[in-house]
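S.K.: Dropping the sequence and predicted coords here.
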Amino acid sequence: MSRWLTRPRLIAAIVALAAVAVAVRVEAQFFRNFRSVRLARPADFDGTFQFCRIMFTDNPAGDGGDWSVDWPRADINLSIRLSELTKTTVGRAPTGDPSHLLMRLSDDTLFQCPFIMMTEVGSLYMNAEEAARLRTYLLKGGFLWADDFWGSYAWEVFEEEITKVFPAAERKIVDLPLTHPLFKSQFEMKDGVPQISAIGNWARCVLSERGEDSKDVHVRAIFDDHDRIMVLITHSTDFGDSYEREGDNPDYFYQMSVPGYAFGINTLLYAMTH
């Protein structure tokens, strides 16, 4: 497969692969009693790609859901597509499904993950120790993708938390231009960044979850001293739902999942090569 894929070829590739990979098994970890989830262990890391999701404390002043939104299907499905559409070797659980790992910022396994994901970061809270650990992780070369939070209030909550990690006077949050290499790591995203709607809103023809307050999608970043992205921030869009719900409705798949996967795979490839 060519390294560079246009949008039509991406659609064709994913549709063909979907025909043989529709069913995704839900592992025993998938329950809503989060005290029972299995945390990542050192033995889980074998040099292959592992999707690492951060569990965080809910902010009492926050806006939105919690760390578990779209878990685990988004993590599994994006890992499947990464293995199918690139040459990346993805780790596998004993069931055969892609390995997906959970951890807290206080866990040492954090430093085994070159890529970590946080969702619904409008409800994020970090104490001083967690913020310091995240700072150390990022300055050591780690990559955080923060996704799925909508509108100005959720932004203010997240901004307050991330400035615990990098004060505004030290590192700026900047808008990422479409000319940045991330937007063509594999798929050329000439049409810009889509506003991914949760499937329930999409079914009601609603794209913006907070109405006028979230009508514009923002892709922002915090860079290191070598102009590499440390923190990627996708605001007023929900990439996780485009992965989690890819098999629920064919039209949703074409409209939301296809561009969602283009951006997600670009992000993973950028994170692992920079």
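M.R.: Thanks, I have it. Since the model is a prediction, treat every value here as computed from it, not as a measurement. Numbers count the residues shown, from 1 in each chain.

S.K.: Contacts only, for Asn59.
M.R.: 123-125, 157, 161 (CB atoms under 8 Å, 6 or more residues apart in numbering). Bear in mind the C-beta positions are built from the backbone N, C-alpha and C, glycine included.

S.K.: Dump these to JSON lines, plus neighbour count and secondary structure.
M.R.: Putting the contacts of Asn59 into JSON lines (neighbours: other CB atoms under 10 Å; DSSP: H, G, I helix; E, B strand; the rest coil) gives the following:
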{"residue": "Ser123", "neighbour count": "24", "secondary structure": "helix"}
{"residue": "Leu124", "neighbour count": "26", "secondary structure": "strand"}
{"residue": "Tyr125", "neighbour count": "16", "secondary structure": "strand"}
{"residue": "Val157", "neighbour count": "20", "secondary structure": "helix"}
{"residue": "Glu161", "neighbour count": "23", "secondary structure": "helix"}
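
S.K.: tell me the two of those that are most distant?
M.R.: Maximum pairwise distance in the contacts of Asn59, criterion CB to CB, is 9.8 Å, between Ser123 and Glu161.

S.K.: so where's this structure uncertain?
M.R.: 1-36 (pLDDT under 70).

S.K.: got the residue ranges for the strands in it?
M.R.: Secondary structure of the chain by DSSP state E: the strands cover 51-55, 57-58, 100-104, 115-119, 124-125, 143-147, 174-175, 218-223, 229-235.

S.K.: who wins for proximity to Arg81 among those strands?
M.R.: Nearest of those to Arg81, taken as CB to CB: strand 51-55 at 11.3 Å.

S.K.: which other helices and strands contact the closest one?
M.R.: Applying 3 or more CB pairs under 8 Å, 6 or more residues apart in numbering; DSSP states H and E, we find strand 51-55 packed against helix 73-85, strand 100-104, strand 115-119.
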